[in-house]
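*Asks:* Predicted model follows, preceded by the sequence.
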Amino acid sequence: MPNVDLYEVLGVPRDADAAQIKSAFRKLARQYHPDVNPDNPEAEEKFKQINSAYEILSDPDKKARYDRFGTTDDQAGPNPGDFFAGGAGFGDLFDMFFGGGAPPRRKRQGRDGGDMRLDLKLTLRDVLHGAERTVSFLRNDPCSGCRGTGAEGGKSPEECSSCQGTGQVSRVQNTFIGQVRTMTACPTCAGEGFVIKDKCSQCAGRGVQSAKQERAVKVPPGFDSGMSLHYAGEGHQGTGQGRSGDLYVVLQVASDDRFERQGTELLTALEVTFPQAALGDRVTIEGVDGDVELEVAPGSQPGQVIRVKGQGLPALHGGRRGDLHVELIVRVPKTLNAEQERLIRELGKTMGEDPSGPGPGILGNLFRKKK
Ligand SMILES: [Zn+2]
Ligand SMILES: [Zn+2]
């Protein structure tokens, strides 16, 4: 970056302290990061400038040299545009965008295990009471033949001589911004940082074997589909210094034809006859856990909802149970026997009507014209 004032690049005064510099860098890096500016060469260029400036100003030695001479060794030289990818500034970038840790200087031996996800299907009744289950699953465990090293007899793998165990080699490319040095995975060890000369015959050098596991799972009442139980370190096991993954048991509540769930509330429907709706009745319906008695009041209307307190579901963290909401569906009989028909006609007469089949109404007229 020739002829560019590094303090100007970061937008800080010359007497800015380390914290100011870092904060300005983070703000700008976030603003110009390629991930948030895809296909924007200007932002990319700016991003590179910010990084180079921060690389120098965040290093007390380089900063002192820059303050004194207006340049540093990094800037001088035949390629003033030289941009060193993988420099000190990138540690901070990794912190910011990937949640921690600069790329390791020397690879740890071993591999991370990786997380596991299992689905567990449960019923509404389980939501009411909570549930205990045993889940079984296959996961990767360290190979018993090599104790996870991948080398025959459990010997330690050897450090890769091509990359001195870092797993990365640098490559210099000429580009429009000058020479760019990028780090790529070491081809000798495929980025592992170590090589296995004599592979374990049991696992073919992978260091892992599949093993069946069982785990008791306790599900609290009030859970909902999509919630998961988290068991740290119980997923695929790491080998060597690798980290073991976590186990997630994802809960699924099976759909139940009888009920619709809305949080702690349950909705259901109840068919009643016209006499039941008109005269009222005491009926027993299926609740989520056994029978529920409810009162259909005289004169109930179609679509009316009866609330049965405390027959819904519990909240996840305790508290009172929700309610059961029962919608009334008043059934009109499709066929009548002679006695029923006679009685309904009688009833109609008492209501001042004399229905004689498809008759005087608009629909009746339409019906007749069609004939
Ligand atoms: Zn093995
Ligand atoms: Zn290597």
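*Replies:* Good, I have the coordinates. Ligands and ions are numbered 1, 2, ... in the order given.
*Asks:* helix/strand/coil for residue 294?
*Replies:* strand (DSSP: H, G, I helix; E, B strand; the rest coil).
*Asks:* Residue 277 too?
*Replies:* Residue 277 - assigned by three-state DSSP - is helix.
*Asks:* Check the gap between it and residue 258 for me.
*Replies:* Per C-beta to C-beta, to the nearest Å, residue 277 is found 21 Å from residue 258. All C-beta atoms are positioned from the backbone trio N, CA, C, and that covers glycine.
*Asks:* Looking at the two now, which is surrounded by more residues?
*Replies:* Using other C-beta atoms under 10 Å as the criterion, residue 277 and residue 258 rank with residue 277 on top: 21 against 14.
*Asks:* show me the contacts for that one.
*Replies:* Applying C-beta atoms under 8 Å, 6 or more residues apart in numbering to residue 277 gives the contacts 296, 299-302, 328, 330.
*Asks:* from the middle of its chain, how far away would stretch 153-172 be?
*Replies:* 35 Å (C-alpha atoms, centre = their mean, to the nearest Å).
*Asks:* ditto for stretch 237-249
*Replies:* Counting by C-alpha atoms, centre = their mean, stretch 237-249 comes out at 18 Å from the chain centroid.
*Asks:* Could I get the average pLDDT for it?
*Replies:* Average pLDDT, stretch 237-249: 92.
*Asks:* go on, stretch 45-60?
*Replies:* On average, the pLDDT along stretch 45-60 is 85.
*Asks:* buried sites along it?
*Replies:* When burial is assessed from 16 or more other C-beta atoms under 10 Å, stretch 45-60 yields the following buried residues: 46-59.
*Asks:* Dump these into CSV; add distance to ligand 2 and secondary structure as well.
*Replies:* Below are the buried residues of stretch 45-60 laid out as CSV (distance: C-beta to the ion, whole Å; DSSP: H, G, I helix; E, B strand; the rest coil):
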residue, distance to ligand 2, secondary structure
46, 34, helix
47, 29, helix
48, 27, helix
49, 32, helix
50, 31, helix
51, 26, helix
52, 28, helix
53, 32, helix
54, 29, helix
55, 25, helix
56, 30, helix
57, 33, helix
58, 29, coil
59, 28, coil
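*Asks:* okay if I get those residues as TSV plus distance to ligand 1?
*Replies:* Output for those, formatted as TSV (distance: C-beta to the ion, whole Å):
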residue	distance to ligand 1
46	49
47	44
48	44
49	49
50	46
51	42
52	45
53	49
54	44
55	42
56	47
57	49
58	44
59	44
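*Asks:* and the residue in the stretch 251-371 of the chain that ligand 2 sits nearest to, what helix or strand is that in?
*Replies:* Closest approach of the stretch 251-371 of the chain to ligand 2 (C-beta to the ion) occurs at residue 251, with a separation of 43.5 Å. Residue 251 belongs to strand 247-253 when elements are defined using DSSP states H and E.
*Asks:* Strand partners (parallel or antiparallel) of that strand?
*Replies:* Using DSSP bridges, the strands paired with strand 247-253 are strand 116-122 (parallel), strand 228-231 (antiparallel).
*Asks:* How far off centre is the last one?
*Replies:* Okay, so that is strand 228-231. Taking mean C-alpha positions (C-alpha atoms, centre = their mean), strand 228-231 and its chain are 12 Å apart.
*Asks:* What residues of it count as buried?
*Replies:* For strand 228-231, burial by neighbour count (16+ other C-beta under 10 Å) applies to residue 229.
*Asks:* what does it rub up against?
*Replies:* Strand 228-231 is contacted from outside by 117, 215, 217, 219, 246-251, using C-beta under 8 Å, 6+ apart.
*Asks:* Neighbours of the residue of the stretch 251-371 of the chain closest to ligand 2, how many?
*Replies:* By other C-beta under 10 Å, the residues close to residue 251 number 21.
*Asks:* so what's it up against?
*Replies:* Residue 251 makes contact with 120, 122, 219, 223-229, according to C-beta under 8 Å, 6+ apart.
*Asks:* Buried by neighbour count, from those: which ones?
*Replies:* Among the contacts of residue 251, those classed as buried by neighbour count (16+ other C-beta under 10 Å) are 120, 122, 219, 223, 229.
*Asks:* State the pLDDT value of residue 361.
*Replies:* On the pLDDT scale, residue 361 is placed at 52.
*Asks:* switch to numbering from 431
*Replies:* Taking 431 as the first residue, the last one we looked at is residue 791.
*Asks:* now the residue sitting nearest the centre point of the chain: how far from residue 609?
*Replies:* Most central in the chain under C-alpha atoms, centre = their mean is residue 656, positioned 9.2 Å from the mean C-alpha point. Going from residue 656 to residue 609 by C-beta to C-beta gives 50 Å.
*Asks:* With respect to ligand 2, which of the buried ones among the contacts of residue 681 is nearest?
*Replies:* Closest to ligand 2, out of all of the buried ones among the contacts of residue 681 and judged by C-beta to the ion, is residue 659, at 39.7 Å.
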